[in-house]
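# Structure, please.
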Amino acid sequence: MTGLQKLLNAAAALCGLYALVDGFTALSPALLLAAGLVVVCGMRLSPVLAAALPVVICPQLDLVISLIAAGAVLAALQDGMAGAVWAIAIAAWLHGWLAVEKTMADDADATGFNWVVSLGVPLFFGFWLLFFWEALTIGLGIPTVLLPPPSMIGARLVTSTAILMADFQQTFLKAVLAGYTIGCGSAFVIAILVDRSNFLRRGFLPIGNFISALPIIGVAPIMVMWFGFDWQSKAAVVVIMTFFPMMVNTLSGLSAASAMERDLFDTYAAGYWQTLFKLQLPAAMPFIFNALKINSTLALIGAIVAEFFGTPIVGIGFRISTEVGRMNLDMVWAEIAVAALAGSASYGALSLLERRITFWHPSYRTK
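Numbers count the residues shown, from 1 in each chain. Just a heads-up that it's a prediction; the model follows:
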């Protein structure tokens, strides 16, 4: 047992004991049961008890107990955030942490287990983040106009699916995808042209740097006047935001091939296009995907901000600006959740594609 596991066990046991002492006058039987389970698993500091109860040392039971305790805490929140509820909440989180630590230590080398850990750890962390968000907002009585609980946001996601889907289509499927494709694609082509000419490199990079420094709040109204109130003006803002990062990263990638590799291609009398497709572009792929991943989030931010300056009565940015004025913060957070999920999904898809294409890169090698 590592020092971290001993510390977590001790902390969980203390929290559970406090919950048992305080819970007889404040909590429900379900919460007392959860406190007892936490104490039993938290007292594994004793080798004798561990030998008598060998089943409790498995990480799966740690995780199950933490989830049971979390559910009991959420059920008892309506009665107020008593000290025992806080103690059980902390103990449940500690047991979940211990389960993840033990699982990763025991099965990290198992075949096909790495993807489980890669997916499970973020989900576990996200669950406990939402859990404590829910516990704090309800237990402390925080007004929903300041910070609604996740359960309220989830209910809004379910009841307003049609509105959220229409906003997602307007902002992401139209403005973001169009602007992202045009911006990244044109920057990639121009970077190849600039790489061939030192004159273009000296003249075009300062202009690109100047354009990238333009503030969105200044550019968005101009684009609305030029291209109208529909998604075309938002796509134009996305093009401006994504163009320069893509061009700079592509130029850096095209120069990443070493002098020895270039000399080898010259020795075999390789032409420009052979050198480009067989040496420069493969070496530039990590840089290109880095720009694509950065732009996947910049594009969404640019489109949402641009919608604050004029749009049809649909769109994520439009909905956020109008619902804030109506004090419907649950709808605002629901729109934020949709945008965050869309951005995370696009980033994850690009990461998977990068792993498939640049499998040869040292960062993806297992040995």
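# ranges for the strands of the stretch 251-367 of the chain?
Along the stretch 251-367 of the chain, no segments are classed as strands by DSSP state E, counting those that start in this stretch.
# so where's it uncertain?
Within the stretch 251-367 of the chain, the segments meeting pLDDT under 70 span 361-367.
# so where's the stretch 51-200 of the chain uncertain?
Ranges of the stretch 51-200 of the chain meeting pLDDT under 70: 51-69, 71-88, 91, 94-95, 98-121.
# does residue 146 count as helix, strand or coil?
Three-state call for residue 146 (DSSP: H, G, I helix; E, B strand; the rest coil): coil.
# so how far is residue 329 from it?
Here residue 146 is placed at a distance of 8 Å from residue 329 (Cβ to Cβ, to the nearest Å). To be clear about C-beta, it is placed using only N, CA and C from the backbone, and glycine gets the same treatment.
# Looking at these two, which one has more neighbours?
residue 329 (19 against 8; other Cβ atoms under 10 Å).
# so what's the more buried one up against?
144, 145, 146, 147, 148, 323 (Cβ atoms under 8 Å, 6 or more residues apart in numbering).
# how about the helices in the stretch 251-367 of the chain?
259-267, 272-275, 281-306, 316-325, 329-357 (DSSP state H, counting those that start in this stretch).
# So residue 260 versus residue 267, what's the distance?
Distance from residue 260 to residue 267, by Cβ to Cβ: 10 Å.
# can you check residue 126 too?
Look at residue 126 and residue 267: by Cβ to Cβ, they are 53 Å apart.
# what's the answer for residue 122, then?
48 Å.
# In terms of neighbours, single out the busier of the two.
With neighbours defined as other Cβ under 10 Å, residue 122 and residue 267 compare such that residue 122 has more, 11 against 8.
# what's around residue 263, how many residues?
Residue 263: 9 surrounding residues under other Cβ under 10 Å.
# before we move on, what about the one 5 residues further on?
By the criterion of other Cβ under 10 Å, residue 268 has 8 neighbours.
# OK, contacts around it?
Contacts of residue 268 by Cβ under 8 Å, 6+ apart: none found.
# just residue 318 next, same as before
167, 307, 308, 311, 312 are the contacts of residue 318 under Cβ under 8 Å, 6+ apart.
# Who wins on neighbours among those?
Using other Cβ under 10 Å as the neighbour test, the contacts of residue 318 are led by residue 307, with 29 neighbours.
# so what's the closest residue to that one other than its chain neighbours up against?
Distances taken as Cβ to Cβ, 6 or more residues apart in numbering place residue 317 nearest to residue 307, at 2.8 Å, with adjacent residues excluded. For residue 317, the contacting residues are 171, 303, 304, 305, 306, 307, 308, 311, by Cβ under 8 Å, 6+ apart.
# repeat that with 6 Å
Shown in contact with residue 317 (Cβ atoms under 6 Å, 6 or more residues apart in numbering): 304, 307, 308.
# want to throw those into CSV with distance to residue 189?
CSV is the format used below for these (distance: Cβ to Cβ, whole Å):
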residue, distance to residue 189
304, 27
307, 28
308, 31
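# between those residues, which is nearest residue 201?
residue 304 (33.5 Å; Cβ to Cβ).
# And for the closest one, the neighbour number?
Neighbour tally, residue 304, other Cβ under 10 Å: 27.
# who touches it in this structure?
316, 317.
# With residue 297 as the reference, measure out to it.
11 Å.
# Check residue 285 too.
Noted for residue 285: a distance of 20 Å to residue 297, by Cβ to Cβ.
# right, and the helices of the stretch 251-367 of the chain - which one's nearest residue 180?
Across the helices of the stretch 251-367 of the chain, residue 180 has its closest neighbour in helix 281-306 (4.4 Å, Cβ to Cβ).
# Now do the closest one against helix 329-357: the angle between them, please.
Angle of helix 281-306 versus helix 329-357, following axes from the mean of the first three to the mean of the last three Cα atoms, to 10 degrees, is 170 degrees.
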